[in-house]
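Visitor: Structure for this input, please:
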Amino acid sequence: MKLIQLFDEVLDSSFKVQPDSNGIYYLKESSIQDYPDTKLKKEGKAFVYKFDVNGRIFPFFDHRKPFINKSSDYIIFNQKENALFVFVIELKSSNPQKAYPQLLASDKFVHFVYSMVEVYRRINNIPIEGSDDIAIRRIILSFKNRPRPKTNVKGDNKYDTHPNFDYKYIHQKVGIDLFLENLCT
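Guide: Purely as a prediction, here's the structure:
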């Protein structure tokens, strides 16, 4: 079984986002009325999840502590050949600086889910087809951005490194057509 299928088996399907009839996902910031949709296009198998639907995804943590109960807006699992790419996407309207701790929290959440997938796989003796490695990519979509082309065509997938959190991320303008296969690097 491919690793992406195990993630899909373990995660609650009520958090899964469905594509339209053409297979396109629309990433939306539902709390902001005029926030433009970002079209997510992909090749191969992908699953899109939105976990932070009620503002508190970890009921066992103290809700008064900042960012402990936060997750990014979307977490996307995308199988490309034998590699599983996990995209952690945060939508921001004004201050993209506030996205960085959420991306870090979501990164830790993905590693936790990956650990539970491993437990599930081992207990049930499920062999993995291909690699069992994951590659996490972080994306911030906001109104404020440095100038970039309208879509992330080849060559427009430069990752920056956050100086404090030591992870790589891309910051792009909301409302673009986002092609996952161009971000699988």
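Visitor: separation between Leu11 and Pro96?
Guide: Leu11 sits 27 Å away from Pro96 when distances are taken as C-beta to C-beta, to the nearest Å. Bear in mind the C-beta positions are built from the backbone N, C-alpha and C, glycine included.
Visitor: likewise Glu43?
Guide: 28 Å.
Visitor: what's the answer for Cys184, then?
Guide: Relative to Pro96, Cys184 is positioned 23 Å away (criterion: C-beta to C-beta).
Visitor: Where do the helices of this protein begin and end?
Guide: Listed in chain order, the helices of the chain (DSSP state H) span residues 3-10, 99-123, 180-183.
Visitor: gap between the longest one and the chain center?
Guide: Translated: helix 99-123. Offset of helix 99-123 from its chain centre (C-alpha atoms, centre = their mean, to the nearest Å): 11 Å.
Visitor: tell me which strands and helices that helix is in contact with?
Guide: helix 3-10, strand 74-80, strand 83-92, strand 134-142 (3 or more C-beta pairs under 8 Å, 6 or more residues apart in numbering; DSSP states H and E).
Visitor: Which pLDDT value does the model give His79?
Guide: For the record, residue 79 is Gln, not His. Note for Gln79: predicted pLDDT of 87.
Visitor: for this structure, what helix or strand is lowest in average pLDDT?
Guide: Sorted by mean pLDDT, DSSP states H and E, the helices and strands of the chain end with strand 160-161, the least confident at a mean of 70.
Visitor: what does it rub up against?
Guide: Judged by C-beta atoms under 8 Å, 6 or more residues apart in numbering, the contacts made with strand 160-161 from elsewhere in the structure are 167-171.
Visitor: Redo those as TSV? Include neighbour count, pLDDT and distance to Ile123.
Guide: As requested, those are exported to TSV (neighbours: other C-beta atoms under 10 Å; pLDDT from 0 to 100; distance: C-beta to C-beta, whole Å):
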residue	neighbour count	pLDDT	distance to Ile123
Tyr167	17	71	31
Lys168	13	75	33
Tyr169	20	78	34
Ile170	20	81	36
His171	19	77	40
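Visitor: from the residues you listed, which ones fall inside strands?
Guide: For those, membership in strands holds for 168-171, with DSSP state E as the criterion.
Visitor: Let me know the closest of those to Leu178.
Guide: When the ones in strands among the contacts of strand 160-161 are compared for distance to Leu178, the smallest value, 9.7 Å, is given by Ile170; criterion: C-beta to C-beta.
Visitor: show me what contacts that closest one?
Guide: Neighbour list for Ile170: 137-140, 152, 157-160, 183 [criterion: C-beta under 8 Å, 6+ apart].
Visitor: Filter those residues down to the buried ones, ChimeraX style.
Guide: Buried residues among the contacts of Ile170 (16 or more other C-beta atoms under 10 Å), as a ChimeraX selection:
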select :137,138,139,140,152,183
